[in-house]
Each structure stands twice: as structure tokens, then as C-alpha cells.
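Peer 1: just coords:
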């Protein structure tokens, strides 16, 4: 039966190899189950509900990928997109999280339509490569900045931000910041040694060190100061009623609060980032797996994109930010995963993880912060693809502006806006207006109007 569904022999793989690959993929991306609730609770969402929604959306998307596309890719709540929803849309623009989830739902519907045609690939090709790289790097810095704050390492000061004082309030925030530093170095070391699931191990070990510090009296819980016990309140739960706090809430919105034009900009920002994230991941992981054809194209890319789009809309209804294909799927590919059986295995493990919601939601922010900072590093690697030679400056400077704008303006969308506008202006100023696609001119006009009227 498995052979008939997944064509294992045709793809030169076995059931055992695929299952091991699926477990490996889950181990490398399971950190999202701790990180996503930690981020979205800052948007006012119930952390336990977000955890259950994340597990279910990951299961739905990954199983769709397995059965519709027969590819070894797993999906979950995308890093960067969850931060954009929580910190830029909800906190930065004072938009209710319900409206933000509706924007994610609309994005998913648009992507479903686009995935049934060639529009998604056409848009991807219309945006210059340097801006695609710049967006990736900028999001990496933005995520790392959030991680530094969650760790308690980066705090407010007369210079806007500065490093925390480890000795002041040592037994609460000080020791947590120190443990985050140790956790970051540990995570980096595990990655250097090629340990599968190193990011997840880093979270667990950092949390474990925190619990040991509490037992030794080095960390002293003080709820009044926001320092709570580091021991989990439970491990397993079959009570899924918390999901009711987010399920279907994306349809409970008020456009008078969000503003229709502002809402359209938010939808586009989700579209932009998710578009490049998904296609870039699919192409990158497929290249590693030697799944591209002679023309460098990915067979069955339409069902893969459709799976991603379905997962996005389903996730919004359940109560989580954009669900997208994870680059960590490359871990499963590296150990031999080649078919949808790998994805099916990972999806089933995400479904099983719903039982452990009390455990995941008990993980403190200083333990998940190293994961955020390190994921930022992984995304920052794309900066090496930017070319700084004189003849490429009109391409590279907009990417640079995009990169620095995201963390410094605390907004992914602002980085995208400035990157697109500066690219079009500099190309026109240097006599290269003809190389700019019509879509880029349209986007530039829309973004300028945004700054004028918003």
C-alpha cells in the first residue's frame, strides 16, 4: 500500500529510511512548538491555544504535502511571519490579533488561487534576487533582535537599547540572561558538530539548567516581578478546549479598527514574505535532494505550493500565523527522505505533540530565545549572496536598506517597502529603468501612497 501511494522503489528509498527521515525532520523543527506560542502570546493570544493550533496546522499542511505532492517537506508556523504578526501588526499598528489572523486567512486564499495557475512563480520571478536575499537577511536580524529581548539581554536605555546588567536582579532576570547566553553558545556548538535537532536540544538543555538553578536557589521565582517557577505545570493533557480561544476568531473582525487600506498592506506583506520563503525553501531543499529536473525546475511544484496555501488558511482558522514549508526539511532529506512518507511521518508526530501542550507552553522565554537568535544567524547566511562591486550597487544598496530597516524600525513590512522603493528609484536614476518589472513600479506607487496617507 505504501509503495502504491509513495512510489518508494521509483525514488530509490525504503519505508525504514523514510520514517527515520520523518523523525529527523520533526526533531529539527519541533522547536517551533515552544517558540510560536511564546511569540504569539505577545499578541494577546492564548499560548495553549496557539500550541494546539500550530500542531494541527502543521499536521494538515504536512499531510497535504505528503499525499498531494509526494514530497518530503514539512510545514509549520513560519519564523519571521509569526514575529511580523505579533510585533509589527498587533503591537506596532495596534491591530487586533483577530484581524491579523484574517489577513493570514486571506493571504492563504489568494495563494490557493495563485497556486492553481503560474501566477505565484511569475511574481517570484518579477522581484529582483537581491531584494529576495535582503528580505531573508533582514528577517533574520529582526528575529535575532526579538530573541535578544526575550532573553533579557537587550533592554531599554538612554541610547534606545543596551545590554542588561547581569548583577542587578541577578536571582531573577540576571541569571536568566546568563543562561540564555550559555544556551546560545551551546546551540551554536551543536550546529557546528552537525547534531540533528540541535536547536531543540539547545532549548531543552537551557531550560534544564534553569530548573537546576531554581533547585540550587540561584534562580528565585518572584511572580510580582514576572519571574515564575521554571518547572512545568504538567506534561500530558487531553483537554483541547483551549483551542476555542482562537478557533474561528479570524472571522471576528472590525475593519473600522484595522482600516481597509492598512489591512491590504498587511495582507500584501504576508504574501510577499511567504511567497519568497516558500519558493526559496522548496527550491533549496529540492536541490539538496537532487529532485530538480534538467531545466532546474521542480516537478509537482503546483501541488506543493497548493499544500502550503491550504495550510496557511487552515492555520489562520485554527489560530496560528502563516504556516509555510520549513527549510529544516533538509535534515530529513539529508538522511535519505525522498517521498511523502517522510512528510507523513513528521505530520503524525505533530499531531501526537498536541498531547504535550502543557509541557511546551511551560518553556520559559530565556530558553527559547537562543533558538530565535540562532535561527536569525541561519537566515543571515544569505548576505553572502549579495555582490558589493560598483556595477551592482544599485541592486545591493536597496537590499542593505531593507536589511537594516527591519530590526531598527521593528517592522518587516517597513523593510520591504523601503527596499522596493529604493530599488526602483536607484535603477531609474542610473539609467536602468528598463530592467525594472511593471510589478515593481506598481508596488513602489502603492508604498509611496501608504506613507502619504497612513
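Peer 2: Sure, I can see it. Every value quoted in this text rests on a predicted model; they were computed, and no experiment measured them.
Peer 1: how close does the nearest residue to residue 409 once chain neighbours are set aside get to residue 361?
Peer 2: Of all residues not flanking residue 409 in the chain, residue 415 sits nearest, at 7.1 Å (Cβ to Cβ, 6 or more residues apart in numbering). For the C-beta atoms, the positions are set from N, CA and C on the backbone; glycine is no exception. To residue 361, residue 415 is 30 Å away according to Cβ to Cβ, to the nearest Å.
Peer 1: more crowded one of those two?
Peer 2: residue 415 (30 against 24; other Cβ atoms under 10 Å).
Peer 1: quick check: pLDDT value at the more buried one.
Peer 2: The model reports residue 415 with a pLDDT of 86.
Peer 1: about what we covered before: show me the contacts for the residue nearest to residue 409.
Peer 2: Shown in contact with residue 415 (Cβ atoms under 8 Å, 6 or more residues apart in numbering): 134-135, 138, 142, 401-406, 409.
Peer 1: where exactly do the strands run in the stretch 1-150 of the chain?
Peer 2: Using DSSP state E, counting those that start in this stretch, the strands of the stretch 1-150 of the chain run over residues 75-77.
Peer 1: could you list the low-pLDDT ranges of it?
Peer 2: Counting by pLDDT under 70, the stretch 1-150 of the chain contains low-confidence ranges at 121, 123-125.
Peer 1: how about the helices of the stretch 51-200 of the chain, start to end?
Peer 2: Ranges of helices in the stretch 51-200 of the chain, per DSSP state H, counting those that start in this stretch, are 81-83, 93, 97-115, 119-126, 129-150, 175-192, 198-215.
Peer 1: which secondary structure elements does the second one sit against?
Peer 2: Helices and strands touching helix 93, as assessed by 3 or more Cβ pairs under 8 Å, 6 or more residues apart in numbering; DSSP states H and E, are absent.
Peer 1: tell me how far it is from the chain's mean position?
Peer 2: 20 Å (Cα atoms, centre = their mean, to the nearest Å).
Peer 1: hey, what's the angle from the longest helix seen in the chain to helix 97-115? Just curious.
Peer 2: Counting residues, the longest helix in the chain under DSSP state H turns out to be helix 260-288. Between helix 260-288 and helix 97-115, the angle comes out at 50 degrees (axes from the mean of the first three to the mean of the last three Cα atoms, to 10 degrees).
Peer 1: circling back to that earlier point, from the helices of the stretch 51-200 of the chain, which stretch is densest packed?
Peer 2: helix 81-83 (a mean of 26; mean count of other Cβ atoms under 10 Å).
Peer 1: who does that one touch, helix- and strand-wise?
Peer 2: helix 32-40, helix 129-150, helix 260-288.
Peer 1: out of the ones you listed, nearest to residue 429?
Peer 2: Minimum separation from residue 429 across the helices and strands packed on helix 81-83 (Cβ to Cβ) falls at helix 129-150, 16.2 Å.
Peer 1: which secondary structure elements does the closest one contact?
Peer 2: So helix 129-150, by 3+ Cβ pairs under 8 Å, 6+ apart, packs with helix 81-83, strand 154-157, helix 260-288, helix 365-380, helix 393-408, helix 412-429.
Peer 1: lowest average pLDDT across the ones you listed?
Peer 2: Ranked by mean pLDDT, the helices and strands packed on helix 129-150 end with helix 260-288 at the bottom, a mean of 74.
Peer 1: quick one: average pLDDT of the following helix or strand past it?
Peer 2: Per DSSP states H and E, the first helix or strand lying C-terminal to helix 260-288 is helix 301-318. Averaged across helix 301-318, the pLDDT comes to 92.
Peer 1: ditto for stretch 225-239
Peer 2: Mean pLDDT, stretch 225-239: 85.
Peer 1: between the two ends of it, what distance do you get?
Peer 2: 30 Å (Cα to Cα, to the nearest Å).
Peer 1: check the offset of it from the chain's centre.
Peer 2: 25 Å.
Peer 1: list the buried ones in that stretch?
Peer 2: 227, 230, 237 (16 or more other Cβ atoms under 10 Å).
Peer 1: now do stretch 398-410
Peer 2: Those would be 398-403, 405-410, for stretch 398-410 by 16+ other Cβ under 10 Å.
Peer 1: which of the residues you listed lies closest to residue 178?
Peer 2: The closest of the buried residues of stretch 398-410, once distances to residue 178 are taken by Cβ to Cβ, is residue 407, at 23.3 Å.
Peer 1: from residue 148, how far off is the closest one?
Peer 2: 10 Å.
Peer 1: could you do residue 452 as well?
Peer 2: 34 Å.
Peer 1: with residue 251 instead?
Peer 2: For residue 251, the distance to residue 148 - Cβ to Cβ - is 36 Å.
Peer 1: now do residue 71
Peer 2: In terms of Cβ to Cβ, residue 71 sits 35 Å off from residue 148.
Peer 1: same thing with residue 10?
Peer 2: 47 Å.
Peer 1: check residue 202 too.
Peer 2: Distance from residue 202 to residue 148, by Cβ to Cβ: 16 Å.
Peer 1: ok, now residue 50?
Peer 2: 22 Å.
Peer 1: next one: residue 68
Peer 2: Remark: distance between residue 68 and residue 148 (Cβ to Cβ) = 39 Å.
Peer 1: and for residue 141?
Peer 2: 10 Å.
Peer 1: swap in residue 435?
Peer 2: Distance from residue 435 to residue 148, counting by Cβ to Cβ: 38 Å.
Peer 1: run through the residues that contact the residue nearest the centre of the chain.
Peer 2: Per Cα atoms, centre = their mean, the C-alpha nearest to the average position across the chain is that of residue 79, at 1.4 Å. Applying Cβ under 8 Å, 6+ apart to residue 79 gives the contacts 32, 35, 139, 143, 372, 375, 379.
Peer 1: now residue 247. Its backbone dihedrals?
Peer 2: Main-chain torsions, residue 247, degrees, to the nearest 10: phi -60, psi 120.
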